[in-house]
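Asks: Got a sequence here, can you model it:
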Amino acid sequence: MAINLQKGGRVNLKKEAPDLSNIHLGLGWDLRKTDGTDFDLDASILMLDQNDKAIGEGGFVFYNNANSECGSVKHLGDNRTGEGEGDDEVLTVELPKIPDFVSKLLVAVTIHDAEARNQNFGMIDNAFVRVANKDTGEDIARYDLTEDYSAETSLIFGELYKKDGAWRFAAKGDGFAGGLVAFLNTYGLSA
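Replies: Prediction:
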């Protein structure tokens, strides 16, 4: 049974799934219900060092760079509409392969071409991130976005971080106006 997290909620992954080594991060959203262009949301992971700075381009994983340089993170494909049930985009993380100098992985979602399409996260229904054990298929935690993000075009849904030798997940919901560029610049990576 997955733990339903609220914004700011945290879960100790080692406590909830002691043998966890491979994580399935499923992100989803619903099809657009009003007139206009479908929402094309893009999931990504940005690996950070202990100073909360990007480790470099090799630590930024998204549909156009599907594997991290260290081989620990993979993006499994781009969904351009949100059509279908369940996860729309999936990222996998192999915890044993994460280098020691990486202390945090930000799980972000950006609306592709949001400014040109006049779209923001306030228009998107039923967006979520779920954390599951990839080996067993068992859900560990889920965070449903419930706030009105009417100015944001990029959001950090959550973060995987290491504390006291154990990996944890925190539900974030931190938004950025300015899309992917603003998100990456905040952590020292230029787009």
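Asks: so what's residue 179 closest to, chain neighbours aside?
Replies: Beyond its immediate neighbours in the sequence, the residue positioned closest to residue 179 (Cβ to Cβ, 6 or more residues apart in numbering) is residue 153, lying 4.4 Å away. C-beta: built from backbone N, CA, C; applies to glycine.
Asks: So the one you found sits against residue 110, correct?
Replies: Yes. Shown here, residue 153 and residue 110 form a contact pair, counting by Cβ atoms under 8 Å, at 6.7 Å.
Asks: Overlap in contacts, those two.
Replies: When contacts are counted by Cβ atoms under 8 Å, 6 or more residues apart in numbering, the set common to residue 153 and residue 110 consists of residue 179.
Asks: Flag the shaky bits of this structure, pLDDT-wise.
Replies: In the predicted model of the chain, residues 31-35, 78-85, 191 satisfy pLDDT under 70.
Asks: in it, which helix has the most residues?
Replies: Longest helix in the chain by number of residues (criterion: DSSP state H): helix 179-186.
Asks: helices and strands around that one, which ones?
Replies: With contacts defined as 3 or more Cβ pairs under 8 Å, 6 or more residues apart in numbering; DSSP states H and E, the packing partners of helix 179-186 are strand 41-48, strand 104-111, strand 154-163, strand 166-176.
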